[in-house]
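**Q** curious how this folds, go ahead:
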Amino acid sequence: MNDRRPELTAAIDAADLPDIIEDTTGRACPRNGGTIRDPRLGYEEGHASFSVFRHGQVWFFKRRGAGEGQGTAWHFLLSLGWTDDEAAEYLISRAGLCGGALPERRLRPAKTALERAIELAAAWTPLTRTEAVDAWAHVGPLDAAGAQDLARRGLLHSPVLQVGSMTRDQGWAKRGGVAFGIHGPQGHLIAVKVRQPAGVEPRFVLRTKDRGSPPWCSPGYGRASTVLIVEGEWNAAAAAHAAHVMGLDLDVQGLPGVDTDPHLDGLDRQVLLYLDQDEGHQEAQARLTELALGCAATHVERLSALPNGQDFCDVLGQQGPAALAALLVSTQAAPSLHAGAFLPDYSSWPLMPPETPPCSARCWPFPLSPAHQETPCTP
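**A** The predicted structure is shown next:
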């Protein structure tokens, strides 16, 4: 490749990195650069820390705080797993510095949204007991600030959330942050996330490693005829709380970000989407619709956005569960009312797991699949 070094240098200087990111990953990137969530497969994150910027006339990227890459368009392609020759051929061809076609690797079919979602979901496995204990370390009952924040959202003492406050700084998670459990479709704990105190960045941090950013599932997920997918775990919790109180036949998934994928389990029914109306969310709607239909959804419909920039937590906190439930049933594809919805009582479980947890699900807040139990569990 040494004989092509002048061509490659010119191609790197001319490379349009935002366009290359979209072309190679399928993820949107602002044309003028900016900070986005890492678009690379296997580098998913719950907060935006992937910067795309120009220095002079050359585009660069940098993943802040994680030591997971920085450099030019050339380095970005290498971080995707491309070889030196593949990256060079791609950049030189894009720059029009040779008459050849794009390299074979780029001509391979891009992964579908469903294929990408299946790969990501492979990391969303239940926590073992040891992992659960570590994830809840230094988490105690809600402090005054945490309780006030949840009360403002209508979620204080809600049975759909497993929450507590950080009692000390622990890595990125700061004292006073509100920790909450992320449960999967079968009810297993798969992550613990912290909403940081006001003014602390990043706004959210995960206390569980190597699991990406899994979505939050409402308790008893899989029993309703309709599932709602909404951006934001706490917006999802607000919808789940209103559904529980008002008896809606509705399951809920909360996505950690607009560019993240839902659990694929349980999408083979009626699916409702609640997203903002801007261009980025329209792209997300198309992707989520493709995923749902790929999972045999019977119908996919988007709910109308709330006025004045409100979200579900605003409605629940200011107007109560009846008002939020009324919004959820105001669409033609509305979930129906029914009696006796199943709901595990998260609020009655101990916040901190005992050293040797008993087997009863009423006492142990982290239901484990047999494959993830480190010691035999007898009835």
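**Q** by mean pLDDT, flag the weakest helix or strand of this protein.
**A** helix 104-107 (a mean of 45; mean pLDDT, DSSP states H and E).
**Q** please work out the average pLDDT along the helix or strand that comes right after that helix.
**A** Toward the C-terminus, helix 104-107 is succeeded by helix 113-121 as the next helix or strand (DSSP states H and E). Helix 113-121 carries an average pLDDT of 80.
**Q** according to the record, where do the domains of this structure fall?
**A** 2-110, 121-348 (automatic domain parsing).
**Q** need the winner for burial among those.
**A** Burial of the domains of the chain is given as mean neighbour count (mean count of other CB atoms under 10 Å); domain 121-348 ranks first at a mean of 19. From N, CA and C alone the C-beta is placed, and that goes for glycine too.
**Q** coming back round to it: any idea which of the domains of the chain scores lowest on pLDDT?
**A** Mean pLDDT, when computed for each of the domains of the chain, is lowest for domain 2-110, at a mean of 80.
**Q** mind checking how far the most centrally placed residue in the chain is from Val205?
**A** Per CA atoms, centre = their mean, the C-alpha nearest to the average position across the chain is that of Pro256, at 3.2 Å. Counting by CB to CB, to the nearest Å, the separation of Pro256 from Val205 is 11 Å.
**Q** tell me which strands and helices whichever strand or helix holds Ala11 is in contact with?
**A** Per DSSP H and E: Ala11 is located in helix 5-14. Counting contacts by 3 or more CB pairs under 8 Å, 6 or more residues apart in numbering; DSSP states H and E, helix 5-14 is packed against helix 73-79, helix 84-94.
**Q** of all these, which one is nearest Asp149?
**A** helix 73-79 (37.3 Å; CB to CB).
**Q** what does the closest one rub up against?
**A** 8, 12, 15, 17, 20-21, 24, 40, 59, 61, 69, 84, 86-88, 90-91 (CB atoms under 8 Å, 6 or more residues apart in numbering).
**Q** quick one on the thing from earlier: the helix holding Ala11: what's the following helix or strand?
**A** helix 17-25.
**Q** and stretch 247-264, C-alpha only, in CSV?
**A** The C-alpha atoms that make up stretch 247-264 are tabulated as CSV, following Å, rounded to 0.1, in the frame of the first residue of the first chain:
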residue,chain,number,x,y,z
GLY,A,247,-56.2,-1.5,34.2
LEU,A,248,-54.9,-1.1,30.6
ASP,A,249,-54.1,-4.2,28.6
LEU,A,250,-50.7,-2.8,27.8
ASP,A,251,-47.0,-3.8,28.1
VAL,A,252,-44.3,-1.2,27.8
GLN,A,253,-40.7,-1.1,26.6
GLY,A,254,-38.5,2.0,27.3
LEU,A,255,-35.6,2.6,24.9
PRO,A,256,-32.5,4.3,26.4
GLY,A,257,-32.2,6.4,23.2
VAL,A,258,-33.9,7.0,19.9
ASP,A,259,-31.1,5.2,18.1
THR,A,260,-31.3,2.0,20.3
ASP,A,261,-33.3,-1.1,19.6
PRO,A,262,-36.1,-2.8,21.6
HIS,A,263,-36.2,-6.3,22.9
LEU,A,264,-37.5,-8.5,20.0
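**Q** so what's the gap between stretch 139-155 and the chain middle?
**A** 22 Å (CA atoms, centre = their mean, to the nearest Å).
**Q** cool, stretch 142-160 as well?
**A** Worked out by CA atoms, centre = their mean, stretch 142-160 lies 22 Å from the chain centre.
**Q** which residues touch the closest residue to Ala73 other than its chain neighbours?
**A** In space, and not counting its chain neighbours, Ala73 is closest to Ala15: 3.7 Å by CB to CB, 6 or more residues apart in numbering. Counting by CB under 8 Å, 6+ apart, Ala15 makes contact with 58-59, 72-74, 91, 94-95.
**Q** pick the one among those closest to Gly222.
**A** Ala73 (43.6 Å).
**Q** ok so, going back, out of the helices and strands packed on helix 5-14, nearest to Gln270?
**A** For those, the distance to Gln270 is smallest for helix 73-79, at 39.4 Å, taking CB to CB.
**Q** still on that earlier bit, got CSV for the contacts of Ala15, with distance to Ser213 too?
**A** Shown next, in CSV, are the contacts of Ala15 (distance: CB to CB, whole Å):
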residue, distance to Ser213
Val58, 31
Trp59, 26
Thr72, 27
Ala73, 26
Trp74, 28
Leu91, 30
Arg94, 31
Ala95, 35
